[in-house]
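**Q** with the input below, show me the fold.
(2 chains)
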There are 2 protein chains.
Amino acid sequence: MCELLGMSANTPTDLCFSFTGLTRRGGETGPHKDGWGVAFYEGKGVRMFHDPEPCATSPIADFVSTLPIKSKNAICHIRQANVGNINLANTHPFARELWGRYWVFAHNGQLPQFLPSSGEYQAVGDTDSEALFCDIMNNVRQSLIRDATSEPLTQTLVALAQNYAQQGVFNCLLSNGDWLFTFCSTKLASITRRAPFGPACLKDIEVEIDFAAETTPQDVVSIIATEPLTNDEQWDIYERGEWKLWQEGEVIACGKVNVPEHKNESEMVSPDLSLQPSC
Amino acid sequence: MCELLGMSANTPTDLCFSFTGLTRRGGETGPHKDGWGVAFYEGKGVRMFHDPEPCATSPIADFVSTLPIKSKNAICHIRQANVGNINLANTHPFARELWGRYWVFAHNGQLPQFLPSSGEYQAVGDTDSEALFCDIMNNVRQSLIRDATSEPLTQTLVALAQNYAQQGVFNCLLSNGDWLFTFCSTKLASITRRAPFGPACLKDIEVEIDFAAETTPQDVVSIIATEPLTNDEQWDIYERGEWKLWQEGEVIACGKVNVPEHKNESEMVSPDLSLQPSC
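**A** Next comes the predicted model:
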């Protein structure tokens, strides 16, 4: 399956440490070698890097891991597809503009039978993930007023996510640069780092960081990932159907909805049996 | 003023040579130090790099200039703003999705009084350039059927461009990954390279290339730029009001419309007197 990585922070923060850990899983410590992408918000702008090459050996990923791009919201994805369609158009994260903001989305899972509703947003590639994103955007645009507050927005997003999770595996990260919405269908974890900051070691490569040297006492930085990225910190594991809305590094809304366990759930995230390069 | 660079080719071709020349003008041989961006189409996907830093000294631009990203359609822009708003959201090229394709746009000029029509596409930043792009996208979506052929599409684009050029300076590059539309309000040049290929020297930095060693006899590669980038080749200079639609390195449609010369035209492209960071 693919892997997700998101960041929500109250001060512009670089993602170098977590990105370095995740990218090892793109063909080295993990099998997610079918492309990768990352989106860093800077104000209302968003800086994106995409590559259909394995991120463990991608010169662009190597370069990005050294770039101290500072962002309050970031979304990253590494992909493991099985059948064809390993190309740039199918590489997450995907972006669209709505209400004068860029919305960015990445998905982990599979909805092989998903039929998107029609609307203004259309997929460019042929993954179900991008079709799901366009479906979300069409529903948000059609059912909410411009710049809807977080309460009706979250209600809409949770209802859509629950509906998708009933049809297949749907773990996702979605942001408009102001907030980061996260939904767990099967697997997602998070950690919030705040003062007093300490050291941390990556799981996937021998890299240690002392966050105390990189931060101020006011900083709050949360990382959301498919699997914990460090081996010496306590990560919170999302439950099935759990969702959290992050802003400035904090959870500002959360909840849990019923999501069935699918008989073929492991197949939906396994590269060997997937029909579509869903993520 | 800003500078534009576009490429249309019949085979995936890298832009390293031209990009290297253009980026020198971003703070070294030219004053366009307020950001830069480039979009490379790969199939229906598009790979974009944006940076609000001067491209002559940007580590990302330096890295991109060494990347042999091969594309049949590419758009690049270097920016010279004067008043504020040097940020990522205002950095060209801009992208939106329409009819299941990414459309990419870059603009050189200024329309200080421009009022965009309302519609689904909205600007994220505060340049008149992005507002113009959204206006184009709204007009195309509202006035044409899905996947309109090049004839009605070009008619619409030319009419819009002429209207904008009557209000100010409007040189532009627009692509959907299949074709590249170019419009000259004041300044644009092009060159088509085909067999027998020869050497060429950049104007802005001591770099020479032998295209014969990089190409096959079937290759056709056209470069469109605000100013010629080489000093030993014959570039075609666009006339005022001239437009060309490029595909696979060739002009597939072209024409010329009346565009008035504005009294304050030099001001509209001069950084000293511009009111808005239009490009």
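**Q** residue A:50 belongs to a strand?
**A** Yes. Checked against DSSP: H, G, I helix; E, B strand; the rest coil, residue A:50 lies within a strand.
**Q** can you pull the contacts of the nearest residue to it once chain neighbours are set aside?
**A** Of all residues not flanking residue A:50 in the chain, residue A:37 sits nearest, at 4.1 Å (CB to CB, 6 or more residues apart in numbering or on different chains). For glycine as for every other residue, the C-beta is placed from the backbone atoms N, C-alpha and C. Residue A:37 is in contact with A:48, A:49, A:50, A:51, A:76, A:77, A:91, A:92, A:93, A:106, counting by CB atoms under 8 Å, 6 or more residues apart in numbering or on different chains.
**Q** what are the buried residues along the helix or strand where the fifth one lies?
**A** For residue A:76, the element it lies in under DSSP states H and E is strand A:70-78. Residues of strand A:70-78 classed as buried: A:71, A:72, A:73, A:74, A:75, A:76, A:77, A:78 (neighbour count, 16 or more other CB atoms under 10 Å in any protein chain shown).
**Q** need those residues in TSV (columns: pLDDT and distance to chain B).
**A** As requested, these are arranged in TSV below (pLDDT from 0 to 100; distance: CB to the nearest CB, whole Å):
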residue	pLDDT	distance to chain B
A:71	96	10
A:72	97	13
A:73	98	13
A:74	97	13
A:75	97	16
A:76	96	16
A:77	94	14
A:78	91	17
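**Q** before we move on, the earlier item: make a markdown table from the contacts of residue A:37 and add distance to residue A:223 to it.
**A** Below are those laid out as a markdown table (distance: CB to CB, whole Å):
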| residue | distance to residue A:223 |
| --- | --- |
| A:48 | 19 |
| A:49 | 18 |
| A:50 | 21 |
| A:51 | 22 |
| A:76 | 10 |
| A:77 | 14 |
| A:91 | 22 |
| A:92 | 18 |
| A:93 | 16 |
| A:106 | 14 |
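**Q** ok, so of these, who is nearest residue B:128?
**A** Taking CB to CB as the measure, residue B:128 lies nearest residue A:48 of the contacts of residue A:37, at 23.8 Å.
**Q** identify the spatial nearest neighbour of that closest one, chain neighbours not counted.
**A** Spatial nearest neighbour of residue A:48, chain neighbours left out: residue A:39 (4.7 Å); criterion: CB to CB, 6+ apart.
**Q** which element is the one you found on?
**A** Using DSSP H and E, residue A:39 falls in strand A:36-42.
**Q** direction included, what does that strand pair up with?
**A** strand A:45-51 (antiparallel), strand A:70-78 (antiparallel) (DSSP bridges).
**Q** what's around residue A:198, how many residues?
**A** Residue A:198 has 12 neighbours, counted by other CB atoms under 10 Å in any protein chain shown.
**Q** got the residues of chain A near chain B?
**A** A:42-52, A:59-60, A:63, A:67, A:87-91, A:96-97, A:99-102, A:120-125 (CB under 8 Å from any CB of the partner chain).
**Q** contact partners for whichever residue of the stretch 51-200 of chain A sits closest to chain B?
**A** Per CB to the nearest CB, the residue of the stretch 51-200 of chain A with the smallest distance to chain B is residue A:88, at 2.8 Å. By CB under 8 Å, 6+ apart, the residues touching residue A:88 are A:35, A:50, A:51, A:52, B:42, B:43, B:45, B:46, B:47.
**Q** mean confidence score for the strand holding residue A:39?
**A** Strand A:36-42 carries an average pLDDT of 96.
**Q** ok, stretch A:189-196 next?
**A** 95.
**Q** keeping just the C-alphas, turn it into CSV.
**A** Taking Å, rounded to 0.1, in the frame of the first residue of the first chain, the C-alpha atoms of stretch A:189-196 are listed here in CSV:
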residue,chain,number,x,y,z
ALA,A,189,-0.9,7.6,13.4
SER,A,190,0.1,11.0,14.8
ILE,A,191,2.5,12.7,17.1
THR,A,192,2.4,16.2,18.5
ARG,A,193,5.7,17.6,19.5
ARG,A,194,5.8,20.6,21.9
ALA,A,195,8.1,21.9,24.6
PRO,A,196,10.1,20.4,26.3
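**Q** what is the burial count for the closest residue to residue A:162 other than its chain neighbours?
**A** Spatial nearest neighbour of residue A:162, chain neighbours left out: residue A:257 (4.5 Å); criterion: CB to CB, 6+ apart. When neighbours are counted by other CB under 10 Å, residue A:257 registers 16.
**Q** is it true that residue A:257 touches residue A:239?
**A** No. Residue A:257 is beyond contact range of residue A:239, at 10.5 Å (criterion: CB atoms under 8 Å).
**Q** buried stuff in the helix or strand that residue A:11 is a member of?
**A** Per DSSP H and E: residue A:11 is located in strand A:3-14. Using 16+ other CB under 10 Å as the test for burial, strand A:3-14 gives A:3, A:4, A:5, A:6, A:7, A:8, A:9, A:10, A:13, A:14.
**Q** which one of those sits closest to chain B?
**A** The closest of the buried residues of strand A:3-14, once distances to chain B are taken by CB to the nearest CB, is residue A:14, at 14.0 Å.
**Q** tell me what that closest one is bridged to.
**A** residue A:70.
**Q** wait, what's in contact with it?
**A** Contacts of residue A:14 (CB under 8 Å, 6+ apart): A:67, A:68, A:69, A:70, A:71.
**Q** are we agreed that the second one is in a helix?
**A** No. According to three-state DSSP, residue A:68 belongs to no helix; its state is coil.
**Q** and the gap between it and residue B:234?
**A** For residue A:68, the distance to residue B:234 (CB to CB, to the nearest Å) stands at 44 Å.
**Q** hang on, the earlier thing: residue B:187 is nearest to which of the strands paired with strand A:36-42?
**A** strand A:45-51 (27.2 Å).
**Q** with only the CA atoms kept, save that closest one in PDB.
**A** This file holds the C-alpha atoms of strand A:45-51, laid out as PDB (Å, rounded to 0.1, in the frame of the first residue of the first chain):
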ATOM      1  CA  GLY A  45       0.600  29.500  -2.200                       C
ATOM      2  CA  VAL A  46       1.700  25.900  -2.500                       C
ATOM      3  CA  ARG A  47       4.900  24.500  -3.700                       C
ATOM      4  CA  MET A  48       4.700  20.900  -5.100                       C
ATOM      5  CA  PHE A  49       7.200  18.400  -6.100                       C
ATOM      6  CA  HIS A  50       6.100  15.200  -8.000                       C
ATOM      7  CA  ASP A  51       8.100  12.400  -9.400                       C
END
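**Q** can you list the residues that contact it?
**A** Contacting residues not belonging to strand A:45-51 are listed as A:35-41, A:58, A:60-61, A:64, A:69, A:88, A:91, A:93, A:95, A:102, A:104, A:177, B:45, B:47-52, B:87-91, B:124-125 [CB under 8 Å, 6+ apart].
**Q** buried among these? Make that a ChimeraX selection.
**A** Here is the ChimeraX command that selects only those of the contacts of strand A:45-51 that count as buried (16+ other CB under 10 Å):
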select /A:35,36,37,38,39,40,41,58,60,61,64,69,88,91,93,95,102,104,177 /B:45,47,48,49,50,51,52,87,88,89,90,91,124,125
